[in-house]
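Trainee: okay, predicted coordinates and the sequence, questions at the end:
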Amino acid sequence: MSYLAPSEFVTKMVDAGESKIFMSTRDTIIRAYMAGAILTLAAWFAVTINVNTGQPLLGALLFPVGFVMLYLLGFDLLTGVFVLSPLALIDKRPGVTLGGVLRNWGLVFVGNFAGAFTVAFMMAFVTTFGFTQAPDKVGAAIGIIGESRTLGYAAHGAAGMATLFMRGMLCNWMVSTGVVGAMISTSVPGKVIAMWMPILVFFYMVFEHSVVNMFLFPSGLLLGAKFSILDYLIWNEIPTVLGNLVGGLAFTGMTLYATHVMTLPKCQADKAIKPRVAA
């Protein structure tokens, strides 16, 4: 498995962030839509394993298949662009602006949500035979997840909100490590192994992932779970998005950039990361 030195894969991180900022609206939405759909299919798969086997570790071991597929196909998650796009701005790449970073985040959020909601509707339809009966045991379990991870946090007030935010931070620390891990190797097996490990950790530890939650909570609402859209937004999605942003950028993006680029002598830094103008 070919391995890249840290200064080399951090260069790839900045290059990737730059390319995402200059990507067309059409391509950004399509790639984000497919990423949201594939990741949430894997979440449905993992919950099904947990329900049918009673072994959460087994579901966590297999959930990363979705992340691996979407990454190898070149699709984009909000948690990934939270880390990569700002690096191009910090590195002062020509033409990269704060507005471009925010545009990228906004488009990826919309695409991820659309893909996740598509799978949520399909899951709700399948587990209720077209909404003609009560959900099966998998659908019922997903509804319970939605209630416990909205109303459960709300019951603890400010402490619940802080816990939710911190779980969001911890989540994208791991998920963005998976994104970076894929850049460490130039072989498919190496990429898969490097991605698999941190994604397993995040899922088994029940950290909060904004895109996975775009599936779990709308699914619960479609299946009649006892929480509201406002509960979902205030007591999960918004704090999770903010936690994902802070955790991924602070613990992965900025730490790697600071220690592997900013500490290089100027001549080496110029060689390691060369400004590029988008084609």
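Mentor: It's in.
Trainee: which ones are touching the spatially most central residue of the chain?
Mentor: Geometric centre of the chain, nearest residue: residue 79, 3.7 Å, by CA atoms, centre = their mean. By CB atoms under 8 Å, 6 or more residues apart in numbering, the contact list for residue 79 reads 171-172, 175-176, 179, 209-211, 244, 248. All C-beta atoms are positioned from the backbone trio N, CA, C, and that covers glycine.
Trainee: which residues does residue 14 contact?
Mentor: 84, 87-88, 91, 93, 257, 261, 273.
Trainee: next, it: phi, psi?
Mentor: For residue 14, the backbone dihedrals (degrees, to the nearest 10) come out as phi -70, psi -40.
Trainee: could you work out the most separated pair of the contacts of residue 79?
Mentor: Farthest pair in the contacts of residue 79 (CB to CB) is 179 and 210. Separation: 14.3 Å.
Trainee: can you list the buried residues in stretch 65-84?
Mentor: Going by neighbour count (16 or more other CB atoms under 10 Å), the buried part of stretch 65-84 is 65-71, 75-84.
Trainee: tell me the mean pLDDT over that stretch?
Mentor: Stretch 65-84 shows a mean pLDDT of 98.
Trainee: ends of that stretch, how far apart?
Mentor: End-to-end distance for stretch 65-84, by CA to CA, to the nearest Å: 22 Å.
Trainee: put the alpha carbons of stretch 51-60 into CSV.
Mentor: C-alpha atoms of stretch 51-60 as CSV (Å, rounded to 0.1, in the frame of the first residue of the first chain):
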residue,chain,number,x,y,z
VAL,A,51,-32.2,-4.8,15.2
ASN,A,52,-31.9,-8.2,13.7
THR,A,53,-28.8,-9.4,15.5
GLY,A,54,-28.9,-7.4,18.7
GLN,A,55,-25.1,-6.7,18.2
PRO,A,56,-24.4,-2.9,17.8
LEU,A,57,-20.7,-3.7,17.2
LEU,A,58,-21.6,-5.7,14.1
GLY,A,59,-23.6,-2.8,12.6
ALA,A,60,-20.7,-0.4,13.4
